[in-house]
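Asker: model the following, please.
(one chain, ligands or ions: 3)
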Amino acid sequence: MADLSVNFAGIRSPNPFWVASGPPSNTAYQAHRAFEAGWGGVVWKTIGDPIVNVASRYSALNVAGQRMIGFNNIELISDRSPETNFREIREVKDRWPGHAVIASLMVDTRERWHEFVKRAEDSGADGIELNFGCPHGMCERGMGSAVGQNPEVAEIIVGWVMEAARIPVIVKLTPNITNVVHAARAAKRAGADAISLINTINSITNVDLDTLTPEPHVGGYSSHGGYCGPAVKPIALNMVQSCAADPEVGLPICGIGGIGGWRDAAEFIALGSSCLQVCTAIMHRGFRIVEDMIDGLSDYLDSKGHAGIDGLCGASVARLSDWKYLDLHYKRVARIDHDTCIGCNLCYIACEDGAHQCIDLVDSAPYGLGPGRVPGKPVPKVREDDCVGCNLCSLVCPVDGCITMTPVDTGRPKMCWDDYQTRLAKGEIEPIPAHP
Ligand SMILES: Cc1cc2nc3c(=O)[nH]c(=O)nc-3n(C[C@H](O)[C@H](O)[C@H](O)COP(=O)(O)O)c2cc1C
Ligand code: SF4
Ligand code: SF4
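Answerer: Residues are numbered from 1 along each chain as shown. Ligands and ions are numbered 1, 2, ... in the order given. You can find the predicted model right below:
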């Protein structure tokens, strides 16, 4: 059975699943429950100078009956006193010495950073996470994403922390930035031990069409909130891979954003994360989700012959490159399995109205009757010569495996954009004809 234990930038944990800084990591009571359920680490709800929260605080994007596809909050950092939080970290650490407890911190001046780093260390925390990501409230006070969005400022503040820190320092990055790599490089230059990403994304989830008030509202008014949950996973994966691929960053990465199951976890690991954090999925379904995450990841690693997560970590990073390196001669086409096709024609209309008009509706007689198909009703058939292999029909088809995107050997050698330009300039080849 695969060994899931991790040593993340010097912080040891029985598995890579950590509770992210947020409502589920607010108290010792919750940390005990999380560890009892199987979580490997807890990043405490961000500790700083006392704040005051508002009511209400959360809103959600529900899609086609699925609740909380996206989740939004206008909550600030911990509203408990630093004394209480550090005392409870000590209590949790004493009871769970083999588990990771990370103090997430956010203060303003150099003196305050020095003081809070010292208090975190004195509490027995295994590491410190710097919250440079909160996109509401705290950024208006010059903290959170106001720091993460400005690599020069981030570098200075990480430098202040490193002056005082003797335990590992993780810099948590904001996605509310044009290129997150610049912030990651700033963390590296300042001497940080690791990065974690992503924090929440600036958002408005919805407007109540009776009151015309955006949600969540506070007495009829709202504020830009932080977006997270399943909907943000693609953005988080993109940013994690960008940092993992950048030769100047070279720091361990803790992946965060939309993780709800072991498959999400494995994808984050393949794209360069050696540790993971989860918030929204716990708020939705509770701490017990970690059991499936552990079993699923462990089984997956076993099935691929990996002894631990190191074997998977970063395995997909080099599978991404700039578009100009992709093979212009690679071709694949859509093929429909008429034995499983239910004749809904979603593929036909998608290709006809949204793609390249290369699915015909043809006489069904030669194909027999698939499940649920009406005798005499035409069936879809792809004109493979005209199919551009865009994937759209296979994405809309409701029957798994019914449309297969199949590679076709064109007999033409691999040629990327740069080769194409060079060979065109030398007159070695004719231009690839434009589509009619
Ligand atoms: C209600 C709420 C409060 C949060 N508070 C904090 C916080 O205090 N500090 C912090 O670094 N991140 C905070 N986060 C962000 C999460 O730690 C995490 O980065 C983000 O939610 C993305 O992960 P997820 O998709 O698993 O939720 C909060 C998120 C939510 C939903
Ligand atoms: S892959 Fe694209 S172009 Fe080809 S049949 Fe499907 S929708 Fe049409
Ligand atoms: S979308 Fe799928 S099931 Fe529906 S007609 Fe096309 S191939 Fe058949």
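Asker: and the residue in the stretch 101-250 of the chain positioned nearest to ligand 3, how many neighbours?
Answerer: Minimum separation of the stretch 101-250 of the chain from ligand 3 (C-beta to the nearest ligand atom) falls at residue 234, amounting to 23.6 Å. Where you see a C-beta, it was placed from the backbone N, CA and C, and this is true even at glycine. Neighbour count of residue 234, defined by other C-beta atoms under 10 Å: 11.
Asker: for the closest residue to it other than its chain neighbours, what are its contacts?
Answerer: Closest residue to residue 234 apart from its sequence neighbours, by C-beta to C-beta, 6 or more residues apart in numbering: residue 258 at 7.9 Å. By C-beta atoms under 8 Å, 6 or more residues apart in numbering, the contact set of residue 258 is 228-234, 236, 264, 280.
Asker: narrow those to just the buried residues.
Answerer: Using 16 or more other C-beta atoms under 10 Å as the burial test, those include 228-233, 236, 264, 280 as buried.
Asker: what's the closest of these to residue 68?
Answerer: residue 229 (5.7 Å; C-beta to C-beta).
Asker: residue 306 and residue 2 touch, don't they?
Answerer: Yes - counting by C-beta atoms under 8 Å, residue 306 touches residue 2, with 6.1 Å between them.
Asker: centre of the chain versus stretch 73-83, how much separation?
Answerer: 24 Å (C-alpha atoms, centre = their mean, to the nearest Å).
Asker: likewise for stretch 293-303?
Answerer: 19 Å.
Asker: surely residue 146 is in a strand?
Answerer: No - under DSSP: H, G, I helix; E, B strand; the rest coil, residue 146 falls outside any strand and is assigned helix.
Asker: now do it against residue 220, distance only.
Answerer: Plainly put, residue 146 is 27 Å away from residue 220 if you go by C-beta to C-beta, to the nearest Å.
Asker: and stretch 115-124, how far out from the chain middle?
Answerer: 30 Å.
Asker: hmm, it in reach of ligand 1?
Answerer: No - Stretch 115-124 is not in contact with ligand 1 by C-beta under 6 Å from any ligand atom; minimum separation 14.0 Å.
Asker: and if you look at stretch 261-272?
Answerer: No - if you take C-beta under 6 Å from any ligand atom as the test, stretch 261-272 misses ligand 1, and the best it gets is 9.2 Å.
Asker: that stretch: which residues count as buried?
Answerer: For stretch 261-272, a neighbour-count test (16+ other C-beta under 10 Å) marks 262, 264-272 as buried.
Asker: and the contacts of it?
Answerer: 16-17, 233, 236-237, 240-241, 243-245, 253, 255, 258-259, 276, 281, 289, 292-297, 300, 309, 312-317.
Asker: contacts with ligand 1 among those residues, please.
Answerer: Among the contacts of stretch 261-272, ligand 1 is touched by 258-259, 281 when using C-beta under 6 Å from any ligand atom.
Asker: possible to save these as CSV with pLDDT?
Answerer: Converted to CSV, those look like this (pLDDT from 0 to 100):
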residue, pLDDT
258, 98
259, 98
281, 98
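Asker: filter the residues you listed down to just the ones in helices.
Answerer: With DSSP state H as the criterion, helices contain residue 281 from among these.
Asker: out of the ones next to ligand 1 among the contacts of stretch 261-272, who's nearest residue 336?
Answerer: residue 258 (31.8 Å).
Asker: packing partners of the stretch of helix or strand the residue of the stretch 101-250 of the chain closest to ligand 3 belongs to?
Answerer: Using DSSP states H and E, residue 234 falls within helix 233-245. For helix 233-245, the elements it packs on are helix 180-189, strand 194-197, strand 253-256, helix 262-270, judged by 3 or more C-beta pairs under 8 Å, 6 or more residues apart in numbering; DSSP states H and E.
Asker: returning to that earlier point: any chance of CSV for the ones next to ligand 1 among the contacts of stretch 261-272, columns distance to residue 415?
Answerer: Listed next are those as CSV, based on distance: C-beta to C-beta, whole Å:
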residue, distance to residue 415
258, 36
259, 38
281, 43
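Asker: which one of the ones next to ligand 1 among the contacts of stretch 261-272 is nearest residue 81?
Answerer: residue 281 (28.8 Å).
Asker: who's in contact with the closest one?
Answerer: 229, 259-261, 289.
Asker: quick one: it and residue 353, what's the gap?
Answerer: Applying C-beta to C-beta to residue 281 and residue 353 gives a distance of 36 Å.
Asker: cool, residue 261 as well?
Answerer: For residue 261, the distance to residue 353 - C-beta to C-beta - is 34 Å.
Asker: hmm, the lowest-mean-pLDDT helix or strand in the chain touching ligand 1?
Answerer: Scoring the helices and strands of the chain by mean pLDDT, DSSP states H and E places helix 145-148 at the bottom, with a mean of 81. No - contact of helix 145-148 with ligand 1 (C-beta under 6 Å from any ligand atom) is absent, the minimum separation being 10.3 Å.
Asker: quickly list what the nearest residue to residue 352 once chain neighbours are set aside is bridged to.
Answerer: Leaving aside its chain neighbours, residue 352 sits nearest to residue 359 (6.9 Å; criterion: C-beta to C-beta, 6+ apart). Under DSSP bridges, the beta-bridge partners of residue 359 are residue 382.
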